[in-house]
Structures are given as C-alpha cells and as structure tokens.
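> show me how the following folds:
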Amino acid sequence: MSAVPPFAAPVTAGAWHRRRDQIRATLRRLLGELPPDTHPEVDPEVEIVSRDSQDGFVCERFRFHNADPLGGAASTVPGVLLLPANLAKPAPAIQYLHWHGGEYDLGKEQLWRKTELGISTAEALTRRGFVVLCIDAYGFGGRAGTGPGGPSERGGAEELSLSKLNLWYGRTLWGMMLRDERLALNYLLRRPEVDSGRVAAMGMSMGSTRAWWHMALDERVRVAVAVACLTRYEELIEHRALKAHGIYYFVPGMLRHFDTEAVIACCAPRPLLCLTGDQDGGSPADGVRRIEAAVAPVYRLLNAETSFRSVLYPGVGHDWTQTMWDEAFRWLERV
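Residues are numbered from 1 along each chain as shown. Alright, predicted model coming up:
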C-alpha cells in the first residue's frame, strides 16, 4: 500500500482554488526557510556585463546578487538576455531553464549548443520572435567553483556541499534554485522589450522540472514546455531509479503530503506541455500516466482541457527529438 496520500481533483473550482493554495503553502514550507521571499515589486540590482550582436539577435550578459547572506560568491547569478533584432514592440519572452546532464561547466551556455534542428536553441527561439532569458543554476556555468568548497571544488562535489550547507540552515538547494528563477523573472518582466503578460518557462531534464515547479509557484509564468523529467517520485522508488536524479532534486517531507501530480496541477489552467520518452529511466512511464490521470481532471474542472497536454513517445529515451521540437513550437504559439 502506498504511503503517499492520494491526490484527486475536488468537485468544484472554488474547492480546487482552496486546495491549490494549501499545496503551494506546503511546498513553500517544505522548500525551507529561504532568505526573504521575492515578490513582483522586489527586483534584483542587475549589472549589464556586455552586449554584442550575433546572428539575428543581440546578446546581453548580466549578473545580479541574490541577497543570500550565506551564499558568498555563489550569490552572484550570471545570466544572458537574448533580444531578437529589430524589435518594434514588446515581445513574448521565454525564461529558459538549462539542463543538468553532469555538464556543470555548461549552464546557460546550453543555449548555444546545436539542437536536432541543426541550429542552436538561441537561434531557434529568437528567430521566432522570442526574448530569451537564462541564468546559471548553483554550481553551473559561471557559478561553478563558487560554492562553500571554494574554487577547487566543482561538479558533483560542489553540488553536495551546496546541498549540505542549505540543509544546515533549514532550507533546500532546490528552493534556492527556484528562488533565483523568481528573481530572474522579476528582471525579465521589467525589461521594456518584454510583453509581461506573455512569458513562458521552458527546459529539458533538470530544466524541465524547474519549469513546472516554477510555473506551479508563480502565476506570472503563463505557458510552459517541459521536455523529459515528468517524474512521479513514488514510481522512482518502485523502479529503484533514485540514482537518475541529483541531490539538488529532493525535498524533505514532500511524500508525506503528496506526489508531483499535486505540484503540476497547480499550473492549471495555464497551458502546460510535457514531452517524455517512454524509455527515459528518470521518468518511469507508469508514473507519467498516473500524473496525466490526476492532472487532466483539474484542467477539465477549470474548463481548460486543451491547456494540458502530455505526450509519451515510444522508444525514446532521455532526449529532445525533432518531433518534440515541432510540438514545442506549436505550443509556444499560445504565449
């Protein structure tokens, strides 16, 4: 018998809204005692480091301090903002959340990695008229070697040290990562080039998971695309697949209250697209189907049935295929 309390959609929209607020309050508590929470009116002070023109877009590199008194060097958050050339009016934006993949030195530079489309993610998104923002998560890219172990400690060892430090102070690394995304969103929304009512979150793998958690906790994210890692934690345990995810990913006490379908349901009624390979060891297919079965009724209750779509691709592993890209671009038309 499952030890995780069952999740079911209430019978009325009002009851769901109350339940959603309870879920969000529980999630915030479980993520730990974060530094003073961020609100739309609280913006980081951003320093523009450089600005240069690339093929079809302008790239601004920036950094801000996330106001974490414990963070030291790790509190400086580097990021990039990509602006399509010749913007005539405020444009829709994508908050892109980079993957993990053990590529700690990559981080936000994933945007320049060539995709199955034959071009980079940066080119693919800016050519379609999107402003794109991406920051480095703790321990990645420009933040590698800035953790409590100092410059010589990088990769998985740094990730462990960051997790340990946060647990000592009663908070989670996952909570701090999501907090950085909220701060970055504050900055994105105040840019005059951005239509603040048309912002999407998008990512693969760790970026996918951050995307749907971010959307669940922040109503300002209007659309999301999550590629891989539509994961139900109970199935990960049953499939003995906890090793498929890093230590950053685990939130103490969560399964005493609910599994990830409760988090994902908090995205409703906003459009959420999930694209998963049925051979992805970190996303057991039976867990994906249980999420679909639990979340679809919430969207239906809110008269938004077509705003939740989950596709399970046969024979596909932890990947982002051409077909998935095509599906993602169709979904992003909703932004």
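> A helix includes Ala226, no?
No: under DSSP: H, G, I helix; E, B strand; the rest coil, Ala226 falls outside any helix and is assigned strand.
> that one and Ser208 touch, don't they?
Yes: because the distance of 4.0 Å satisfies C-beta atoms under 8 Å, Ala226 is recorded as touching Ser208. In this view, the C-beta of every residue, glycine as well, is placed from N, C-alpha and C.
> what sits in contact with each of these two?
Taking C-beta atoms under 8 Å, 6 or more residues apart in numbering as the criterion, Ala226 and Ser208 both touch Cys274.
> how about the contacts made by Val335?
With C-beta under 8 Å, 6+ apart, Val335 has these contacts: Pro92, Ala93, Ile94, Phe130, Arg198, Val199, Ala200, Arg222, Val223.
> closest to Thr12 among these?
Taking C-beta to C-beta as the measure, Thr12 lies nearest Arg222 of these, at 24.3 Å.
> ok, Gln54 to Arg127 distance?
Taking C-beta to C-beta, to the nearest Å as the measure, Gln54 falls 12 Å from Arg127.
> and for Val335?
15 Å.
> the helix or strand containing Leu83 pairs with which strands?
Assigned by DSSP states H and E, Leu83 belongs to strand 76-84. Taking DSSP bridges as the criterion, strand 76-84 sits next to strand 57-65 (antiparallel), strand 131-135 (antiparallel) in its sheet.
> got the contact list for it?
By C-beta under 8 Å, 6+ apart, strand 76-84 touches 44, 49, 56-66, 91, 108, 111, 122, 125-127, 129-136, 141-143, 146, 180, 183-184, 188, 191, 193.
> the very next helix or strand once past that strand pairs with which strands?
Proceeding C-terminally, strand 76-84 gives way to strand 91-97 as the next helix or strand, assigned by DSSP H and E. Using DSSP bridges, the neighbouring strands of strand 91-97 in the sheet come out as strand 131-135 (parallel), strand 194-204 (parallel).
> for the helix or strand just after strand 91-97, name the packing helices and strands.
Going down the chain from strand 91-97, the next helix or strand is helix 121-126, by DSSP H and E. With contacts taken as 3 or more C-beta pairs under 8 Å, 6 or more residues apart in numbering; DSSP states H and E, helix 121-126 sits against strand 57-65, strand 76-84, strand 91-97, strand 131-135.
> now the third one, how far from the centre of its chain.
The offset between the C-alpha centroid of strand 91-97 and the centroid of the whole chain comes to 12 Å, using C-alpha atoms, centre = their mean, to the nearest Å.
> start at 460, not 1
With 460 as the first residue, the last one maps to strand 550-556.
> can I get that strand in PDB, CA atoms only?
What follows is strand 550-556, C-alpha atoms only, in PDB (Å, rounded to 0.1, in the frame of the first residue of the first chain):
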ATOM      1  CA  ALA A 550       7.600  40.800 -27.500                       C
ATOM      2  CA  PRO A 551       6.700  37.400 -25.800                       C
ATOM      3  CA  ALA A 552       9.500  36.000 -23.700                       C
ATOM      4  CA  ILE A 553      10.900  32.600 -22.700                       C
ATOM      5  CA  GLN A 554      12.500  32.000 -19.400                       C
ATOM      6  CA  TYR A 555      14.800  29.100 -20.400                       C
ATOM      7  CA  LEU A 556      16.000  26.800 -17.700                       C
END
